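Asker: with the sequence up front, the predicted model follows.
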Amino acid sequence: MILLETSSASSHFIKNIVIEDLKSGKVDQIVTRFPPEPNGYLHIGHAKSILLNFELADEFKGRTNLRFDDTNPLKEDTEYVEAIKEDVAWLGYEWDGLFFASNYFEEMYSRAVLLIKKGLAFVDDLSADEIRLTRGTLTQPGQDSPHRNRSIEENLDLFARMRNGEFKDGEKVLRAKIDMSSPNINMRDPVIYRISHATHHNTGDKWCIYPMYAFAHPLEDAIEGVTHSICTLEFEDQRPFYDWVVAECEMEHQPRQYEFARLNITNTVMSKRFLKQLVDNKIVDAWDDPRMPTISGLRRKGYTPEAIRNFVRETGVAKSYSVADERMLEHFIREDLKLKAPRTMAVLRPLKVVITNYPEDQVEKLDAEINPENPEMGNRQIPFSREIYIEQDDFMENPPNKYFRLFPGNEVRLKNAYFIKCNDFIKDADGNVVEIHCTYDPETKSGSGFTGRKVKGTIHWVDAKHALPAEFRLFEPLILDEEKGDSDNFLEHINPNSLEVVHGFVEPNMKDAQAQDKYQIFRHGYFNVDSRLSKPDRLVYNRIVSLKSSFEL
């Protein structure tokens with residue numbers, strides 16, 4: 001296993017358990033696994049599990065497997081398999097073994113037969129709705145199925161016929177025989193096999209019965225020699241059944257399950273089921289839409305693996321439920337990019353400025369730092385000529401008090417260039433200002449040491465003759481109510497303004513910008529070249545994050 005960075009991500013209660021297990025000799029080597037179901041793309045919440053499993057094993061010189069729990073062919077696809085592999089590798093981790101639950105279908109079947117022979121499983125004819133109705137409640141016991149006392153011989157025959165395809169979907173299931181009066185509903189004769197005449201992405205049409213996740217998962221862990229099966233708190237009530245399966249199926253290796261609180265973030269959907277609804281309902285473009293909290297969406301938006309890892313580490317690992325502020329994630333991408341990202345200027349909502357006393361055919365090159373916080377990155381040159389673009393909101397005809405940008409009679413500095421003074425402006429038929437006329441003072445060139453007078457405002461610009469047209473995609477939270485991200489009615493709280501597309505210009509030095517290149521654009525924020533939409537003749541930038549935030553660690 002290769003780990004790009006070590007950390008204290010596993011410095012919590014699970015780490016203490018591992019230390020005790022190693023000291024006592026219960027285990028010789030730590031083996032963990034990251035076990036996603038290939039029924040969707042990974043989201044930021046999965047990053048917590050990825051880091052925990054990989055870094056825990058790395059800290060104790062163990063191993064981590066990537067295993068796909070592919071037990072439901074109706075919802076799974078090789079597209080998801082490949083996307084998950086790409087995401088794990090992009091985050092900086094390399095698995096020791098790559099496995100699929102479907103690799104073990106034959107052994108799982110034989111273990112189910114063993115349960116039948118031990119009188120601990122039976123074939124049931126009840127429908128899913130009937131099983132649900134007879135399952136009982138938290139205060140009332142369940143009811144035995146009328147088929148619970150079938151003979152071992154009959155159950156073996158029916159289960160074999162289920163495998164041979166003699167029954168329709170839903171006509172029969174195999175249930176564990178445990179205790180219908182158990183206070184833990186998960187122990188009330190749970191279904192462990194169902195019929196599904198569906199083509200599986202890995203096994204094709206070899207099988208028409210498939211194990212349930214809760215039955216398959218502990219068997220997979222045991223087969224692979226996993227020592228610490230780490231999962232989120234919603235599986236805590238499943239732990240007795242997990243242990244029952246391992247014991248009653250007489251598995252040689254006995255892994256143990258440990259739970260931690262999953263990662264929750266404000267204004268964020270953290271459920272693959274809900275995320276799929278966003279994709280299916282075309283509320284977003286795809287799983288990698290930059291508004292999505294998927295790993296691929298964050299990557300396309302411009303987040304770095306370092307920022308995500310540092311964010312997850314900062315949130316910590318505990319047993320108690322908590323919600324992280326989305327601004328914390330934004331904090332870590334700012335911290336990661338501030339020394340890496342080249343600075344540049346862009347105008348998102350352009351307004352033309354004509355510098356009337358600048359020579360018409362003259363073009364000069366002005367020096368600017370690539371990154372003032374990292375001088376080793378050097379300088380760049382910016383063309384400057386008679387016509388430039390500035391932001392529309394950097395000019396006001398009738399400004400309020402303390403407005404220090406451009407207005408009639410006022411003088412401002414053009415960043416890295418000269419002082420300019422507004423003398424006149426032109427409006428269109430609708431009364432909109434469409435062009436400003438200014439004069440410049442050649443003695444005020446940046447870097448010249450001019451101290452004759454001062455101005456209070458500095459604005460950014462791009463040269464109209466050389467600037468490149470560009471599209472900018474600006475994002476707001478997808479969920480308006482920060483508490484509704486994981487509620488069933490979350491679609492009622494979708495932000496209709498989560499995406500704004502504007503068209504402007506960038507400096508000509510951006511002509512060679514490649515997908516996933518990141519820049520800090522003066523005053524606007526950090527931007528990433530979109531990997532799906534951007535082309536040489538159509539530059540598209542996603543805003544990763546604004547420049548400032550009120551959030552503090």
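Answerer: It's in. Keep in mind that this is a model prediction, so the values were computed, not measured. Numbering: from 1, shown residues only.

Asker: and the next helix or strand past the helix of greatest length in the chain?
Answerer: Longest helix in the chain by number of residues (criterion: DSSP state H): helix 44-59. Once helix 44-59 ends, the next helix or strand along the chain (criterion: DSSP states H and E) is strand 63-68.

Asker: okay, that following strand in PDB with CA atoms only?
Answerer: Taking Å, rounded to 0.1, in the frame of the first residue of the first chain, the C-alpha atoms of strand 63-68 are listed here in PDB:
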ATOM      1  CA  ARG A  63      -3.000  -3.900   4.600                       C
ATOM      2  CA  THR A  64      -6.100  -2.400   3.100                       C
ATOM      3  CA  ASN A  65      -8.400  -4.000   0.500                       C
ATOM      4  CA  LEU A  66     -10.700  -2.200  -2.000                       C
ATOM      5  CA  ARG A  67     -13.700  -4.400  -2.200                       C
ATOM      6  CA  PHE A  68     -16.900  -3.900  -4.100                       C
END
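
Asker: could you give the angle of that strand to helix 44-59?
Answerer: 150 degrees (axes from the mean of the first three to the mean of the last three Cα atoms, to 10 degrees).

Asker: just checking, what packs against strand 63-68?
Answerer: Counting contacts by 3 or more Cβ pairs under 8 Å, 6 or more residues apart in numbering; DSSP states H and E, strand 63-68 is packed against strand 31-34, helix 44-59, helix 78-90, strand 97-100, helix 213-224. Yep, even glycine has a C-beta here, placed from its N, CA and C like the rest.

Asker: what angle sits between it and helix 213-224?
Answerer: Using the same axes, to 10 degrees: strand 63-68 against helix 213-224 is 140 degrees.

Asker: mind checking the pLDDT average for strand 63-68?
Answerer: For strand 63-68, mean pLDDT is 97.

Asker: pLDDT at residue 322, what is it?
Answerer: Note on residue 322: pLDDT of 78.

Asker: tell me, how many residues neighbour it?
Answerer: Residue 322 has 11 neighbours, counted by other Cβ atoms under 10 Å.

Asker: what does residue 321 give?
Answerer: Using other Cβ under 10 Å, residue 321 is surrounded by 9 other residues.

Asker: equivalent analysis for the one 5 residues further on, please.
Answerer: Neighbourhood size, residue 326 [other Cβ under 10 Å]: 19.

Asker: on that earlier part again, out of the helices and strands packed on strand 63-68, which comes closest to residue 366?
Answerer: With Cβ to Cβ as the criterion, residue 366 lies closest to helix 78-90 of the helices and strands packed on strand 63-68, at 37.8 Å.

Asker: report the contact partners of the nearest residue to residue 46 once chain neighbours are set aside.
Answerer: Sequence neighbours aside, residue 36 is the residue nearest to residue 46 in space, at 6.6 Å (criterion: Cβ to Cβ, 6 or more residues apart in numbering). Contact analysis of residue 36 by Cβ atoms under 8 Å, 6 or more residues apart in numbering lists 42, 46, 68, 69, 84.

Asker: now, which of those sits nearest residue 435?
Answerer: Set against residue 435, the nearest of the contacts of residue 36 by Cβ to Cβ is residue 42 (49.5 Å).

Asker: the closest one and residue 294 touch, don't they?
Answerer: Yes. The pair residue 42 and residue 294 qualifies as a contact (Cβ atoms under 8 Å) at a distance of 6.4 Å.

Asker: what is the longest helix of the chain packed up against?
Answerer: helix 13-24, strand 31-34, strand 63-68, strand 228-232, helix 295-301, helix 305-315.
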